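Asker: Using only what follows, build the 3D model:
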Amino acid sequence: MNLEKGKTIFDKIKMPYDTLRKKENPIKPIVNYYKSKLKAGEELWWMDSENGNTASNIVIRIWNNLSQSEKQDIKNRSMIYFPELFGNRSDKFNRIAVWLATRQSIVSPNIRDLFTAGGKVDIIFSTKTYERVPRIF
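Answerer: As a prediction, this is how the structure comes out:
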């Protein structure tokens, strides 16, 4: 590759190739560089394997190709992990979208619909009826 001086990854991490290739963990300086460039709410996805920050699979899956039981399991966990889903903020689906891609290796082009489609239903719990609650509950 013909990159200008200062534009290679070796220039950016301030380490020559030969030094990098001899390191026990040569990817770490690169990961650290890209971590330093992240904005709030951004993650490195599968590159960042420290501290349990790994996707479940390097293969990306599409939501519609998951089994019904896997979809339900992910929706259940999402409601626990991301209580903002129950709020009114316009950005309430942002964190779950990142989590699905980075931790579950799943892309959902219509993530909002997973939690808002289906209309309203009455739910009976014990002797109490909750009327017109979102069907996702």
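
Asker: Quick check: next helix or strand after the helix or strand containing Lys28?
Answerer: Element membership of Lys28, judged by DSSP states H and E, is helix 27-36. Next helix or strand after helix 27-36 toward the C-terminus (DSSP H and E): strand 61-62.

Asker: what pLDDT, on average, does that following strand get?
Answerer: Across strand 61-62, pLDDT averages out at 92.

Asker: what's the model's confidence in stretch 78-97, averaged?
Answerer: 90.

Asker: and that stretch, C-alpha only, in PDB?
Answerer: C-alpha atoms of stretch 78-97 as PDB (Å, rounded to 0.1, in the frame of the first residue of the first chain):
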ATOM      1  CA  SER A  78     -33.100  -6.600  26.200                       C
ATOM      2  CA  MET A  79     -35.900  -5.500  28.400                       C
ATOM      3  CA  ILE A  80     -33.800  -6.300  31.500                       C
ATOM      4  CA  TYR A  81     -30.500  -4.800  30.200                       C
ATOM      5  CA  PHE A  82     -32.100  -1.700  28.600                       C
ATOM      6  CA  PRO A  83     -34.900  -0.300  30.800                       C
ATOM      7  CA  GLU A  84     -34.800   2.800  28.600                       C
ATOM      8  CA  LEU A  85     -36.900   0.800  26.100                       C
ATOM      9  CA  PHE A  86     -39.900   1.600  28.300                       C
ATOM     10  CA  GLY A  87     -39.300   5.300  28.200                       C
ATOM     11  CA  ASN A  88     -40.300   8.000  25.700                       C
ATOM     12  CA  ARG A  89     -36.800   9.200  24.500                       C
ATOM     13  CA  SER A  90     -36.200   9.200  20.800                       C
ATOM     14  CA  ASP A  91     -32.800   7.500  21.300                       C
ATOM     15  CA  LYS A  92     -34.100   4.600  23.500                       C
ATOM     16  CA  PHE A  93     -33.100   2.000  20.900                       C
ATOM     17  CA  ASN A  94     -29.500   3.100  20.400                       C
ATOM     18  CA  ARG A  95     -27.800   1.100  23.100                       C
ATOM     19  CA  ILE A  96     -29.600  -2.100  22.300                       C
ATOM     20  CA  ALA A  97     -28.700  -1.700  18.600                       C
END
